[in-house]
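Colleague: Got a predicted structure plus its sequence, pasted below:
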Number of protein chains: 2
Amino acid sequence: MRIAIASDHAAFALKQALLPWLAEQGHETLDLGTHGPESVDYPDYGAALADAVAGGHADRGIALCGSGIGIAIAANRNPGCRCAHVSEPLSAALARSHNDANAIALGARLIGEEMARACITAFLATPFAGGRHQHRVDKLGVAPLEGISA
Amino acid sequence: MRIAIASDHAAFALKQALLPWLAEQGHETLDLGTHGPESVDYPDYGAALADAVAGGHADRGIALCGSGIGIAIAANRNPGCRCAHVSEPLSAALARSHNDANAIALGARLIGEEMARACITAFLATPFAGGRHQHRVDKLGVAPLEGISA
């Protein structure tokens, strides 16, 4: 697969560790930065990751920041990106099977490299279940969404 | 605080359990549904939750679905909503201190009611740290975000 990956400074080391591991498995990687330990703003990298996935430049995206929360919010501003913030492989698999997630966000200060690899492995290996989930996923593709009335 | 809460059918029972607990602590609750166990679409409820928070009808939002992932993606389509998907209290607190999150998403099929209460307690009690985090949060408030170039 073509896998885009983006991180802020807090997750720079994790990104660098994941890149050769992804390549070893035969994936093509698109490194959107950051490219050093200097402080940067996670929304810029979340937006870049979402652009890459939504624009068809990558099949899947991996978004990394300190907690994974901020970069996930940023990525999900793009209606073509369905980014799941996860911390263990079951959620990573459910994000694929139920939500057809095309990106995951991980927190480099909260989970270790081995857990990150387990989440990514589940995320890349799990197919979308389709069926009743499809029209819910379709509803995620428009922005702004309209809510039910209270 | 005025707290909006929304769930799909998978999290209906959790929502019903949380409502009296929130009221006991003196919070005003705004129940956006769903109002029964019948199957509904989580994007509709995520959008309603985001509308309530972004529109100033609630100070904070609680979004619930089976995994918490889908409703978080839906809520974050609204640039006025910063919804953090969490499964433990440390992430719930970081979402407030670093990301000024105004909503959290929890997975009713993945965490129990006591863990949900612990996440909500941390989320409601933690102030935003401001400082260097402020202009990053400001960047989350516009959509579509523009990413850095690869």
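Modeller: Received, thanks.
Colleague: Okay, now the unreliable bits of chain A?
Modeller: By pLDDT under 70, the low-scoring segments of chain A are A:143-145, A:149-150.
Colleague: can you give me the strands in it?
Modeller: Per DSSP state E, chain A carries strands over the ranges A:2-7, A:28-31, A:60-65, A:83-85, A:103-107.
Colleague: chain center to stretch A:29-48: distance?
Modeller: 13 Å (C-alpha atoms, centre = their mean, to the nearest Å).
Colleague: quick revisit: looking at the strands of chain A, which is nearest to residue B:111?
Modeller: strand A:83-85 (14.1 Å; C-beta to C-beta). C-beta: built from backbone N, CA, C; applies to glycine.
Colleague: What strands line up against the closest one, and which way round?
Modeller: Next to strand A:83-85 in the sheet, as set by DSSP bridges, lie strand A:103-107 (parallel).
Colleague: all helices of chain A, in order?
Modeller: For chain A, helices defined by DSSP state H occupy the ranges A:12-24, A:42-54, A:69-75, A:89-97, A:113-125, A:132-139.
Colleague: Using a markdown table, lay out those helices together with mean neighbour count.
Modeller: Formatted as a markdown table, the helices of chain A follow (neighbours: other C-beta atoms under 10 Å in any protein chain shown):
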| stretch | mean neighbour count |
| --- | --- |
| helix A:12-24 | 16 |
| helix A:42-54 | 28 |
| helix A:69-75 | 33 |
| helix A:89-97 | 21 |
| helix A:113-125 | 18 |
| helix A:132-139 | 15 |
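Colleague: So for residue A:105, which of these sits nearest?
Modeller: helix A:69-75 (3.6 Å).
Colleague: these two touch, right, residue A:19 and residue A:31?
Modeller: Yes: counting by C-beta atoms under 8 Å, residue A:19 touches residue A:31, with 6.3 Å between them.
Colleague: what touches both of the two?
Modeller: Common neighbours of residue A:19 and residue A:31, counting by C-beta atoms under 8 Å, 6 or more residues apart in numbering or on different chains, are residue A:5.
Colleague: Of all the strands of chain A, which one comes closest to residue B:77?
Modeller: Comparing these by C-beta to C-beta, strand A:83-85 comes nearest, at 11.4 Å.
Colleague: Could you check how far the closest one is from the centre of its chain?
Modeller: 6 Å.
Colleague: do the same with stretch A:83-92
Modeller: 9 Å.
Colleague: Check stretch A:73-90 too.
Modeller: On C-alpha atoms, centre = their mean, the centre of stretch A:73-90 falls 5 Å from the chain's centre.
Colleague: now swap in stretch A:124-138 and tell me
Modeller: For stretch A:124-138, the distance to the chain centre is 16 Å (C-alpha atoms, centre = their mean).
Colleague: Please tabulate the helices of chain A in JSON lines, including the columns distance to chain B.
Modeller: Output for the helices of chain A, formatted as JSON lines (distance: least, C-beta to the nearest C-beta, whole Å):
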{"stretch": "helix A:12-24", "distance to chain B": "14"}
{"stretch": "helix A:42-54", "distance to chain B": "3"}
{"stretch": "helix A:69-75", "distance to chain B": "5"}
{"stretch": "helix A:89-97", "distance to chain B": "5"}
{"stretch": "helix A:113-125", "distance to chain B": "11"}
{"stretch": "helix A:132-139", "distance to chain B": "4"}
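Colleague: May I see those organised as a markdown table, with distance to residue A:147 added?
Modeller: Shown next, in a markdown table, are the helices of chain A (distance: least, C-beta to C-beta, whole Å):
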| stretch | distance to residue A:147 |
| --- | --- |
| helix A:12-24 | 35 |
| helix A:42-54 | 22 |
| helix A:69-75 | 18 |
| helix A:89-97 | 22 |
| helix A:113-125 | 28 |
| helix A:132-139 | 11 |
